[in-house]
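Enquirer: Give me coordinates for this.
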Amino acid sequence: MKMKKKSISLFLTAALLTSFLSGCSGASASSLPSEIPAESIRTGSVNSKGTLHDPQIIVGDDGVYYCYGSHMTAARSEDLITWKSWANGVTKANRIFDNLLVEPLDAFSYVGKNAERSYSVWAPSVILNRTTGKYMMYFCTTSSYIKSDITLAVSDSIDGPYHYEKTVLYSGFTKPVLNKTDYYDVMGEDKEVRSRYITAAGYNNQLWPNAIDPALFYDKDGRLWMVYGSWSGGIFLLEIDQKTGDVIHPETDDDNRTDRYFGTRLIGGGHHPIEGPYIHYDEGTGYYYLFLSYGNLQAAGGYQIRVLRSGTPDGVYVDASGKSLGIDGDLDNYADYGTKLMGNYTLPSLDVTYMAPGGQSTFTSPDGRLFIVYHQRYKDKGETHNVRVHWLAMNEDGWPCILPFATGGEQPNDAGYRQSDPEGTFYIVDHGLAVDSKVNKAVSCTFSKGKISGDIKGTYKVTEGTCYITLNIGGTTFKGIMTEMTDEAGNNTFCISAVGDNNHSIWGVHYIEDSGLSDDQTNVEK
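Expert: Numbers count the residues shown, from 1 in each chain. So this is what the prediction gives:
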C-alpha cells in the first residue's frame, strides 16, 4: 500500500530560527586554521546527476527532497548533492501525471502543439494546500512566446500521480480564440475593455504577460499567492482561492499597478528578458523576496539570478539600492535594477566555468536553513545543465547572500568570528550587473588588520562574535556573511558572500588547512 507523504512546512517556526541567524550571535569567537599556499589548492567540481530545468524543491516528511522541473522531469535526493531521476519526458508513460496526455487533452485545448509539433509542459510549482491537505502542482503549457496558460493538477501524495483539473489563466489571446479561454467569464464582452489587451496587431505583449513560470507561496497571514510571468509585459501576482485552486481576479486599479484579469504587475514590461519569478517570505526578516532570472537561458545568454524585496506580497519591490522597475520605469536599462546575486563565474579550485545560473527557487530544510536551487550550465559544454543547491543566508540588513560553493552539509558557526579571522589571501569574484556571456573571474587580494590590498583595495570590519562582515570597496558598502565550508574539490575554505548598495554581489574565498570537517560535510563526488 502506498503511504501518503505530507510535506514539511517551508515556513520557519520560532524553533527553526536556530539556523544561520543563530550562528550570527555567538558570545565567543573562533580561530581559523592557517592558509594553504596557492600550489596546494586542489581543483574539482560537483556533478549532481540531476538534469532538471527550472527546478523547484518540496520536502517530504521522510526528509527526502523532491524536485520537479520543466519537460515533466522529477528527481529525489537525501543530501541535496546527488539527485536520482524518476520521471523524464512529455510522454503518456510519465508517472508524474495520470491524465495529462489522455484525450481530450484539455490542458492543451487552447495552446495546441509547439513549433516541433509536440506538447510543452514547463515550470511546475508544487505546494501543499493547507486548506484541502492536497498537493497542488501549477505548471504552464505553451506553444509560442506569448500563447500560454497556467494549469492545475492535484495529488494526495507529494510524488503523484497528479491529476489535471483545470486551466486557471490564459495569455496571448486574440479575438478569434477568446471563446477557448475564460476571458469572457471574467471580463465580459465590452469592446473598449477588450482593446486594453488586444490591438490591431494582436495580443499586446508589451504590456501584458506571458502566462508561464508560476510559483506559489503563502504570506504571513496564510493567504496563498501565485507569481508568474516571462519577458512580455513583466512579472505579475494573483491571489489563489485555497478551496478551489482558482485565481482570485481583483478589480482593475491602474494607479496601483493592478489589472482585473492578470493581477498586480510587480516588475518589468516591454518584452525585456526578466522571467522565472519566485517569492520567498522570510519570518526572520519580515520581507518578501522576489527572485528573478535575467537574460537568455542559453550558456552564452547571460542568464543570472537577481532579487528585490518588499514588506508586502504585492510590492513595491525594491533592490539593495532602493530602486524598483515599473512599467513606466527605465525599462531599457533593466540591467541596472535588481540586486544581482550570481552570474557566470569561476574560482581557483574549480575545474569548470559555471555559466547561466537561473530558473531559481528557494526552500527550507528540516533544520530550518534556507537554500536556493537553480539550473546551471557550463562553458564549452553546449547546453548541458544540472541542478545545483547553494546555502542562502541573510546579511545584517536582511539581504540574501548565496554561498560560493554547492552545499555539502556545512553548518553555521555558532561561536561567530572575530576581526582577526579574515586574514591572508582571498580570491574575490564581483558578479557585476552585466547581462552577457562575460565570465566573472576571481582576483587576488590580501586581508590584513581591517585593510584590503592587492587587485582590490578597501577596508573591512567584522561584527565580532557573529558571522557578519562589512566591506568598503571603491566607495561601495557591502554587507555580508562569513562561514567555513568545504569546496567542490575537497579544500577547506573560509568564505564571504556580500551584497553591495550598488546591487553587486561579491564572493571571497580563503583556502585554509583542515578545519576538522567530517567526510559527510564535503561535497566532493565520492
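Enquirer: Now residue 179. Its backbone dihedrals?
Expert: Dihedral angles phi and psi of residue 179 (degrees, to the nearest 10) take the values phi -70, psi -10.
Enquirer: Just give me the neighbour total for it.
Expert: 9 (other Cβ atoms under 10 Å). Backbone N, C-alpha and C define where each C-beta goes, glycine included.
Enquirer: Distance check, it against residue 123.
Expert: Distance, residue 179 to residue 123, by Cβ to Cβ, to the nearest Å: 27 Å.
Enquirer: Equivalent analysis for residue 259, please.
Expert: According to Cβ to Cβ, residue 259 and residue 123 sit 22 Å apart.
Enquirer: Looking at those two, which one has more neighbours?
Expert: For residue 259 versus residue 123, the count of surrounding residues by other Cβ under 10 Å is larger for residue 123: 27 against 23.
Enquirer: May I have the secondary structure class of the more buried one?
Expert: strand (DSSP: H, G, I helix; E, B strand; the rest coil).
Enquirer: Just list the residues touching it, thanks.
Expert: 54, 70, 139, 140, 212, 213, 214, 276, 359 (Cβ atoms under 8 Å, 6 or more residues apart in numbering).
Enquirer: if we go to 6 Å?
Expert: Contacts for residue 123 (Cβ atoms under 6 Å, 6 or more residues apart in numbering) come out as 54, 70, 140, 213.
Enquirer: Put together CSV for the residues you listed, with neighbour count and distance to residue 428 on each row.
Expert: As requested, these are exported to CSV (neighbours: other Cβ atoms under 10 Å; distance: Cβ to Cβ, whole Å):
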residue, neighbour count, distance to residue 428
54, 30, 30
70, 21, 34
140, 28, 39
213, 28, 33
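Enquirer: What about those residues, which are in strands?
Expert: Among these, DSSP state E puts residue 140 in strands.
Enquirer: Of the contacts of residue 123, which is the nearest to residue 151?
Expert: Ranked by distance to residue 151 (Cβ to Cβ), the contacts of residue 123 are led by residue 140 at 7.1 Å.
Enquirer: Enumerate every residue touching the residue lying closest to that closest one once chain neighbours are set aside.
Expert: Leaving aside its chain neighbours, residue 140 sits nearest to residue 212 (4.1 Å; criterion: Cβ to Cβ, 6 or more residues apart in numbering). Applying Cβ under 6 Å, 6+ apart, we find residue 212 in contact with 122, 140, 142, 148, 230.
Enquirer: Tell me the one among those nearest to residue 292.
Expert: Of those, the one sitting nearest to residue 292 (Cβ to Cβ) turns out to be residue 230, at 10.1 Å.
Enquirer: Contact partners for that closest one?
Expert: 210, 212, 213, 275.
Enquirer: can you pull up the bridge partners for it?
Expert: Assessed by DSSP bridges, residue 230 has beta-bridge partners residue 275.
Enquirer: Likewise for residue 66?
Expert: In beta-bridge terms (that is, DSSP bridges), residue 66 pairs with residue 58, residue 76.
Enquirer: And for residue 391?
Expert: With DSSP bridges as the criterion, residue 391 is bridged to residue 371.
Enquirer: pLDDT at it, what is it?
Expert: Note on residue 391: pLDDT of 97.
Enquirer: which ones are touching it?
Expert: Residue 391 is in contact with 371, 403, 407, counting by Cβ under 6 Å, 6+ apart.
Enquirer: any chance you could map the helices in the stretch 151-300 of the chain?
Expert: 183-187, 191-194 (DSSP state H, counting those that start in this stretch).
Enquirer: picking that back up, and which of the contacts of residue 230 is nearest residue 347?
Expert: Residue 347 lies nearest to residue 275 out of the contacts of residue 230, by Cβ to Cβ, at 27.2 Å.
Enquirer: what distance separates stretch 266-276 from the middle of the whole chain?
Expert: Distance of stretch 266-276 from the chain centroid (Cα atoms, centre = their mean, to the nearest Å) equals 15 Å.
Enquirer: From one end of it to the other, what's the distance?
Expert: Counting by Cα to Cα, to the nearest Å, you get 13 Å between the two ends of stretch 266-276.
Enquirer: again with stretch 240-247
Expert: End-to-end for stretch 240-247, by Cα to Cα: 5 Å.
Enquirer: which residues sit against that stretch?
Expert: Applying Cβ under 6 Å, 6+ apart, the external contacts of stretch 240-247 come out as 129, 131, 136, 152, 168, 169, 224, 226, 238, 248.
Enquirer: change it to 10 Å
Expert: Here stretch 240-247 makes contact (Cβ atoms under 10 Å, 6 or more residues apart in numbering) with 127, 129-132, 134, 136, 138, 150, 152-154, 165-166, 168-169, 182, 186, 214, 216-218, 222-226, 228, 238-239, 248, 261-263.
Enquirer: Just the buried ones among the residues you listed, please.
Expert: 127, 129, 136, 138, 150, 152-154, 165, 168-169, 182, 214, 216-218, 224-226, 228, 238-239, 261-263 (16 or more other Cβ atoms under 10 Å).
Enquirer: any idea how far stretch 62-72 is from the chain center?
Expert: Offset of stretch 62-72 from its chain centre (Cα atoms, centre = their mean): 15 Å.
Enquirer: In strands only, show me the buried ones among the contacts of stretch 240-247.
Expert: 127, 136, 138, 150, 152-154, 165, 168-169, 216-218, 224-226, 228, 238-239, 263.
Enquirer: coming back round to it: just so I know, which of the helices of the stretch 151-300 of the chain lies nearest residue 454?
Expert: Taking Cβ to Cβ, helix 183-187 is the member of the helices of the stretch 151-300 of the chain nearest to residue 454, at 59.9 Å.
Enquirer: Residues contacting that closest one, please?
Expert: Outside helix 183-187, the residues that touch it by Cβ under 10 Å, 6+ apart are 169-170, 173, 175, 177-178, 181, 189, 193-194, 196-198, 247, 249, 252, 259-261.
Enquirer: 6 Å - rerun?
Expert: By Cβ under 6 Å, 6+ apart, the residues outside helix 183-187 that reach it are 193, 249, 261.
Enquirer: Nearest to residue 351 among those?
Expert: For the contacts of helix 183-187, the residue nearest residue 351 by Cβ to Cβ is residue 261; the value is 49.6 Å.
Enquirer: show me what contacts that closest one?
Expert: By Cβ under 6 Å, 6+ apart, residue 261 lies in contact with 186, 187.
Enquirer: about what we covered before: save the contacts of residue 212 as CSV, and put in pLDDT too.
Expert: Output for the contacts of residue 212, formatted as CSV (pLDDT from 0 to 100):
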residue, pLDDT
122, 98
140, 98
142, 98
148, 98
230, 97
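Enquirer: So which of those is the closest to residue 79?
Expert: The shortest approach to residue 79 among these belongs to residue 122, at 27.2 Å (Cβ to Cβ).
Enquirer: For the closest one, give the beta-bridge partners.
Expert: Beta-bridge partners for residue 122, by DSSP bridges, are residue 140.
Enquirer: Would you list the phi and psi of residue 333?
Expert: Per degrees, to the nearest 10, the backbone of residue 333 is at phi -110, psi 40.
Enquirer: okay, now it: neighbour count?
Expert: When neighbours are counted by other Cβ under 10 Å, residue 333 registers 10.
Enquirer: any idea how far residue 270 is from it?
Expert: To residue 270, residue 333 is 11 Å away according to Cβ to Cβ.
Enquirer: That'll do, ta.
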